[in-house]
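In: build the 3D model from these lines:
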Amino acid sequence: MTIRFPKYILYFLLITTQLLLAQTKVSGIVLDKSNQPIPFANIVFKGSTTGVVSNEDGRFYLESSKEYTLLAVSATGFSDAEIRLDKAVNFNFKIQLKEAQTLKEVVIFKGKTSKKNNPALDILRKIWEHKRKNGLSLFHQYQFQKYEKIEFDMNTIDSTLMKNKIFKGMEFIFNKVDTSKVTGKTYLPIFINESLYDVYGDNQLKKEKSILKANKNSGLRNGDGVNTFMKDLYSEYNIYDNHLHFFDKSFTSPLSTTGIDVYNYVLKDTANIDNKKCYNIVFYPRRKNELTFKGDFWVNDSTFAIKKINMEVTKSANINWVKDIYIEQEFDVMNDSVFLLTRDYIMSDFALNKNEDSKGVYGKRTTLYRDHQFNKPKLPAFYKEEINFIDNEVFSKSDEYWHENRFEKLNKDEEGIYKLIDTLKTVKRFNQIYSAVSILGKGYINFKDFEYGPVFSTFGFNEVEGFRTRVGARTFFGPNDPWRIQAYTAYGAKDNKVKYGVSGKWMIDAKNRVIVSGGTRRDIEQIGASLTTSNDILGRNFASSGLFTSGSNGKLTNVNLTNASIEAEPIKNLVFETGFSYRTLESASPSFRLDYYTDDTHAITKSKVRQSELYFQMEYTPKRKTFGYGVERRDVDSPYSRVFINYSEGFKGLLQSDFNYRKLQLYYKQPVIIGALGRTNFTIELGKTYGTVPLGLLNVIPGNQSYLIIGNTFSNLNYYEFVSDQYTTFQWDHNFQGRLFARIPFMRKLNWREIIGVKGVYGTISDANRAVNASGLVYQAPENVYWEYSAGIGNIFKVFRLDFSWRGNYLDTPEIHKFAIKGSFGFYF
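Out: A predicted model of the protein is given here:
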């Protein structure tokens, strides 16, 4: 039997399908008559505000959900062109432009716009005048709802990748491949995180508070190394600011008051958007290798508020592991004078290199805003930040709740991520890959209820122990455990001795992060490796067992330390701690002594120090960002200042202690981002010991006899070269982030970064402390201000830094280092 299908139903389905699938996609390259690429050409669908700017290689990708048949292309120094699109999808399109022939057509010369008689710059100056008169800054108080969606996708999916052995057993994931609307590349969603917030702000108090109402993710554990990578997407930015900060870099905003010296601006079009007349301005950088964007924005003709902006980091920008950063913001008109941000989209393309066909990972963040209300004041106490936010209901909202409260629906691929990850977690191969990435991020290997590590401390070397092997573990039921126990044991092949340490901590009050801790350690340590006191039971400095050192590191000490403490965080990022410690110190090497005289006649000496100590510490880290709410949290990688104060007092006779003394120490570090000029760090340390103490309890100015760069040490000093009982140190370093090398043509492509610095220390030592010294070491304090200076090159092969340092004075001291070369490895953006 034949079933006849009515024609009108067939027509209906065909028309509906075309409407649903109506989409125009164009990718290609813009060339001149000699087939050389034209960078920063402006390509738009004619009759729309949808467009892009080609990259440095002239390449572009443009897509719209609507149908268009004409493409308008323009570039500085070339005649405008219109290109007909014969089909909806046009890939690898070649567009050739002719050079402008008349004075009327020639607006700029060789790609650079004039700083005089340029209407785009007149509009830009109006934006500067009005930027404080638009948006939330117009009101005393404000509040709104915010929806945030973060997504990670594998990109550039091709048959070669699909057949890779690494995906054996996971081939089903490639059924979810889609195409990016920004780059035109295929991608596979692998992670999604959604959050809903209520946001309140007070411009008079300069306070803002976000209350998390709901959170949902695709199942990857929170707080591990994979999510550490994700947190940089939370960077907040304001396009009106002079500089925008991403991945610890400072990019010049196209709306910056210094933008005229950094960007070219071209007034390209005028159009009505939401019944408001707007100007369209295209911008692109004047020079390569600087931290800049290319793109365009639409600005209102009367309020000079931004209506829409699209911008993309230029390919030549000196930034590692990030091939692309794309930003899109949209603003709505609340009334005739107020423009409010309603949509914010940022996409980063993480890859090993910047080749067009390189595979990587997209990191996307979409933020939507709605339901704005104004001038509803809250009491100042309302804005007090939560110390430790814990509300399990936030993380257990139903699917029905999310369906009703999302600001926009998830597409089919995003909806499938939740199911996809649940399925992948049952695949052995996926779990192996996931664990490998977590190990790199955390340094620990995860088992069921504990973790082995840190793996990077497994092997070491020093002259006393020879080759040293260390194994350690910690309890780990989840990233937000309220308590944790850690332990390790180590063995030296030369001294044939076993060392060990064990510690535990328990958060007894989550709201104010009240934590009690205690532990004990029996180990060998280089106690002259830092000035500021640490009572971290399991902490160990690199100088104690570095595999590669310059000169002898035999001045080591047997340290037996037992400690108990309690800490609290009553105000966010302000931590108070008090505790009690008992330690014994004894030389671990026959060539090094800690001996001291016990009487005025110098007839009796002792080689072992026993000391009990009560201490009080305060640490303040404003603007520090953390995630997790367990007994241990992790920092988000963003610069913050640190103030640390320590007061300690030793009690002679208590538990057979040998000395009475008091110590006061201050540590202060201040990072400063100086716009496009890079980042500066200032560090100051002050300290004084009141009382008579032996070498083991004095302040040893920290030297660095390794081949590695170690913070807060002096690269040209030996261990125990300077000893003091009061000291002041100053350190300054500045990273230009490649700004100087970018001006040198033959060095530009290397993407190296310039670092300079200077360090100094002043210190004295009392006659009383000199008198009890029986160690054989002649005390020398830096009373004439010891100083050294350095110059370095960073970002060598993207992972290596090399510093060259010179000693400024004390050049006649025997067996010193007048010049030193130190290096370090790291993954720098």
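
In: for the rest of this, base every contact and every neighbour count on C-alpha atoms.
Out: Noted.

In: got a list of what the nearest residue to N496 once chain neighbours are set aside touches?
Out: Closest residue in space to N496, ignoring its immediate chain neighbours: E465 at 7.5 Å, by CA to CA, 6 or more residues apart in numbering. By CA atoms under 8 Å, 6 or more residues apart in numbering, the contact list for E465 reads 491-496.

In: show me which of those are buried.
Out: 491-492 (16 or more other CA atoms under 10 Å).

In: quick one, helices of the stretch 351-500 of the chain?
Out: 399-405, 412-424, 428-442 (DSSP state H, counting those that start in this stretch).

In: need these in CSV with distance to D344, can you?
Out: Listed next are those as CSV, based on distance: least, CA to CA, whole Å:
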stretch, distance to D344
helix 399-405, 18
helix 412-424, 18
helix 428-442, 29
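
In: among those helices, which is nearest N355?
Out: Minimum separation from N355 across these (CA to CA) falls at helix 428-442, 23.5 Å.

In: let me see the contact set for A214.
Out: Going by CA under 8 Å, 6+ apart, A214 touches 194-197, 393-397.

In: try I43
Out: Residues near I43 by CA under 8 Å, 6+ apart: 51-54, 71-74.

In: which one (most neighbours) among those?
Out: Neighbour counts for these (other CA atoms under 10 Å) peak at V53, which has 28 neighbours.

In: tell me, how many residues neighbour the residue lying closest to that residue once chain neighbours are set aside?
Out: Counting by CA to CA, 6+ apart, V53 lies nearest to N42, which is 4.7 Å off, once chain neighbours are set aside. Counted with other CA under 10 Å, the neighbours of N42 add up to 22.

In: who does N42 form a beta bridge with?
Out: On the basis of DSSP bridges, N42 is bridged to V53, S74.

In: which of the contacts of A214 fall in strands?
Out: Counting by DSSP state E, the contacts of A214 place 194-197 in strands.

In: closest to L340 among those?
Out: Within those, proximity to L340 (CA to CA) peaks at Y197, which comes in at 17.2 Å.

In: what helix or strand is the closest residue in space to the closest one that isn't next to it in sequence located in?
Out: Spatial nearest neighbour of Y197, chain neighbours left out: L212 (4.6 Å); criterion: CA to CA, 6+ apart. Using DSSP states H and E, the element containing L212 is strand 207-217.

In: what pairs with that strand, parallel or antiparallel?
Out: Strand pairing for strand 207-217, using DSSP bridges, gives strand 186-202 (antiparallel).

In: next, the angle helix 412-424 makes with the strand it pairs with.
Out: Relative orientation of strand 186-202 and helix 412-424, computed by axes from the mean of the first three to the mean of the last three CA atoms, to 10 degrees: 100 degrees.

In: buried residues, strand 186-202. List them.
Out: Judged by neighbour count using 16+ other CA under 10 Å, the buried positions of strand 186-202 are 186-197, 199-202.

In: ditto for stretch 733-741
Out: 733-739, 741.

In: which one of those residues is nearest Q145?
Out: Distances from Q145 to the buried residues of stretch 733-741, taken as CA to CA, are shortest for Q737 (37.2 Å).

In: I'd guessed the closest one sits against L677; true?
Out: Yes. The criterion here is CA atoms under 8 Å, and Q737 meets it with L677 at 7.5 Å.

In: about what we covered before: which pLDDT value belongs to the residue nearest to N496?
Out: For E465, the pLDDT comes out at 89.

In: tell me how far it lies from E586.
Out: In this structure, E465 and E586 are 15 Å apart, going by CA to CA, to the nearest Å.

In: quick one on the thing from earlier: any chance of JSON lines for the ones in strands among the contacts of A214, columns pLDDT and distance to L655?
Out: Formatted as JSON lines, these follow (pLDDT from 0 to 100; distance: CA to CA, whole Å):
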{"residue": "E194", "pLDDT": "88", "distance to L655": "56"}
{"residue": "S195", "pLDDT": "89", "distance to L655": "54"}
{"residue": "L196", "pLDDT": "93", "distance to L655": "56"}
{"residue": "Y197", "pLDDT": "93", "distance to L655": "54"}
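
In: between those residues, which is nearest L410?
Out: The closest of the ones in strands among the contacts of A214, once distances to L410 are taken by CA to CA, is E194, at 10.4 Å.

In: tell me the contacts of that closest one?
Out: Listed by CA under 8 Å, 6+ apart, the contact partners of E194 are 147-150, 214-217.

In: one step back: out of the buried residues of stretch 733-741, list just those in strands.
Out: If you go by DSSP E, the buried residues of stretch 733-741 have 733-735 in strands.

In: helices of the stretch 701-829 of the chain, start to end?
Out: Taking DSSP H, counting those that start in this stretch, the helices of the stretch 701-829 of the chain run over residues 745-748, 767-771.

In: most tightly packed of those helices?
Out: helix 767-771 (a mean of 14; mean count of other CA atoms under 10 Å).

In: what's the ChimeraX line that selects buried ones from the contacts of E194?
Out: Entered in ChimeraX, the line below selects the buried ones among these, by 16+ other CA under 10 Å:
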select :147,148,149,150,214,215,216,217
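
In: now the contacts of E194 as JSON lines including distance to G826 and pLDDT?
Out: Listed next are these as JSON lines, based on distance: CA to CA, whole Å; pLDDT from 0 to 100:
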{"residue": "Y147", "distance to G826": "34", "pLDDT": "95"}
{"residue": "E148", "distance to G826": "31", "pLDDT": "91"}
{"residue": "K149", "distance to G826": "30", "pLDDT": "89"}
{"residue": "I150", "distance to G826": "26", "pLDDT": "86"}
{"residue": "A214", "distance to G826": "36", "pLDDT": "91"}
{"residue": "N215", "distance to G826": "33", "pLDDT": "86"}
{"residue": "K216", "distance to G826": "32", "pLDDT": "85"}
{"residue": "N217", "distance to G826": "30", "pLDDT": "79"}
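
In: from the contacts of E194, pick the one nearest F825.
Out: Nearest member of the contacts of E194 to F825, counting by CA to CA, is I150, at 29.8 Å.

In: for that closest one, which non-adjacent residue is closest in space?
Out: R365 (4.4 Å).

In: number of nearby residues for that neighbour?
Out: By the measure other CA under 10 Å, the count of residues near R365 is 21.

In: and the pLDDT for it?
Out: Model confidence at R365, given as pLDDT, is 88.

In: check M1 too.
Out: Looking at M1, its pLDDT stands at 39.

In: cool, and F827?
Out: Turning to F827, the model gives it a pLDDT of 69.

In: equivalent analysis for N496, please.
Out: 93.

In: separation between it and S517?
Out: 31 Å.

In: buried residues, stretch 496-503. List them.
Out: By 16+ other CA under 10 Å, the buried positions in stretch 496-503 come out as 499-503.

In: for the residues you listed, which one is nearest N92?
Out: Relative to N92, the closest of the buried residues of stretch 496-503 is S503; by CA to CA it sits at 61.6 Å.

In: that closest one contacts G539, correct?
Out: No. Assessed by CA under 8 Å, S503 is found out of contact with G539, at 10.7 Å.

In: what's the overlap in contacts for these two?
Out: Common neighbours of S503 and G539 (CA under 8 Å, 6+ apart) do not exist.

In: related to what we said a few turns ago, from the ones in strands among the contacts of A214, pick the one nearest L124.
Out: Looking across the ones in strands among the contacts of A214 and measuring by CA to CA, the closest to L124 is Y197, at 33.7 Å.

In: run through the bridge partners of that closest one.
Out: When bridges are called by DSSP bridges, Y197 pairs up with K146, L212.

In: that one and F382: what is the separation?
Out: 16 Å.

In: could I get the CA-only coordinates of stretch 629-644 as CSV?
Out: Taking Å, rounded to 0.1, in the frame of the first residue of the first chain, the C-alpha atoms of stretch 629-644 are listed here in CSV:
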residue,chain,number,x,y,z
TYR,A,629,35.8,26.3,51.7
GLY,A,630,37.7,23.4,53.4
VAL,A,631,40.5,23.5,55.9
GLU,A,632,42.8,24.2,52.9
ARG,A,633,42.0,26.6,50.1
ARG,A,634,43.8,27.5,46.9
ASP,A,635,44.6,30.9,45.5
VAL,A,636,43.4,32.2,42.2
ASP,A,637,46.4,33.3,40.2
SER,A,638,46.0,37.1,40.6
PRO,A,639,48.4,39.7,42.2
TYR,A,640,47.7,40.8,45.7
SER,A,641,49.6,42.6,48.4
ARG,A,642,50.7,40.9,51.6
VAL,A,643,51.4,42.2,55.1
PHE,A,644,52.8,39.8,57.7
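
In: before I go, just wanted to say thanks for your time.
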